[in-house]
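J.: dropping the sequence and predicted coords here.
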Amino acid sequence: MKTISFLLIAFSLTFLMSCEEPNNSNNDVKKEIMLEPPPYLTLDDILPNYDTSGVIGIINLDDVYSSFYYNGSSHSEHYCEGNATFYDSLNNYIPCDSIEFNNYNFVKPWADRYFYAGEGDHISQSGLLINFGQLNHLKLIGGQYLTNVDTTFYLNNYISFSNLAPGDTIDKDNNLSLQWNSTPNTFVQIEMI
Amino acid sequence: MDSLSISSILLENTGNYVIQKEYLSQFNPGLYTLQIKRYEPIFIKQPQNKQILVLCTTSHKINVIIKD
């Protein structure tokens, strides 16, 4: 067994070492910069910070606000979506009768998934799935296999850069300080593309 | 088109982060999208020690111009 493990590790290392660095002169290549300082975290690193034992379902709520500045005028877009799925200890799908978040009903386009998608207005908060900085209402009719849920919980204010505006110019010869509204017990991901 | 991106970095939400000029200097001048995404988990307790995880992610995207 040890021999097999050793061979597998040796093969993996050989394969990794044989991989060439991307050729940056190739216009199809996308080069990535690893930021410092560490730590680099992934969602798998985050969740162990919480008690995830006995989780039988995940409801993802995703909200993206884009604010761009082109040719002397600003343009903004707001997109939000949610999806939910429930499962037992053997990862078998558990159906529910209905799921409603802040009075938005999720539909069921797939056999094992409930879904909502929409566009919203960032300023008036109309049409948004999530109530930022306020209580949010989750109502789930579980049906035969799932316990009903009727609860409210607080979600933090909308996240946004506080020291950068759309269309700002960055001097690459200086450090770039990014600032945003901090909220406890949350994690953030930064990306520049 | 040759493009350059900062790999996604995930960190505790302290409200600030400094991108060092050594990294910025590798970017070609041009227009880029800068995004910040927050992960906010909510756990809803169920009977028999079960839970439902509500994972709220919210993002802010802006365009920025990198100059020489």
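T.: Structure received. Numbering: from 1, shown residues only, chains lettered A, B, ... in the order given.

J.: alpha carbons only for contacts and neighbour counts from here, please
T.: Will do.

J.: can you classify residue A:48 as helix, strand or coil?
T.: Secondary structure state of residue A:48, per DSSP: H, G, I helix; E, B strand; the rest coil, is helix.

J.: show me what contacts the closest residue to residue A:170 other than its chain neighbours?
T.: Computed as Cα to Cα, 6 or more residues apart in numbering or on different chains, the closest residue to residue A:170 that is not its neighbour in sequence is residue B:66, at 4.8 Å. Neighbouring residues of residue B:66 by Cα atoms under 8 Å, 6 or more residues apart in numbering or on different chains: A:169, A:170, A:171, A:172, B:27, B:28, B:29, B:30, B:31, B:32.

J.: try 10 Å this time
T.: A:167-173, B:24-25, B:27-32 (Cα atoms under 10 Å, 6 or more residues apart in numbering or on different chains).

J.: just residue A:122 next, same as before
T.: Neighbour list for residue A:122: A:64, A:65, A:66, A:76, A:77, A:78, A:79, A:128, A:158 [criterion: Cα under 10 Å, 6+ apart].

J.: which of the residues you listed fall within strands?
T.: Residues of the contacts of residue A:122 located in strands (DSSP state E): A:64, A:65, A:66, A:76, A:77, A:78, A:79.

J.: in the sheet, who's paired with the fourth one?
T.: In this structure, residue A:76 bridges to residue A:67 when assessed by DSSP bridges.

J.: that one and residue B:62 touch, don't they?
T.: Yes: between residue A:76 and residue B:62 there is a contact at 9.3 Å, judged by Cα atoms under 10 Å.

J.: these two touch, right, residue A:114 and residue A:101?
T.: No: with contact defined as Cα under 10 Å, residue A:114 does not count as touching residue A:101 (11.4 Å).

J.: can you show me the helices along chain B?
T.: Applying DSSP state H to chain B gives helices spanning B:21-24.
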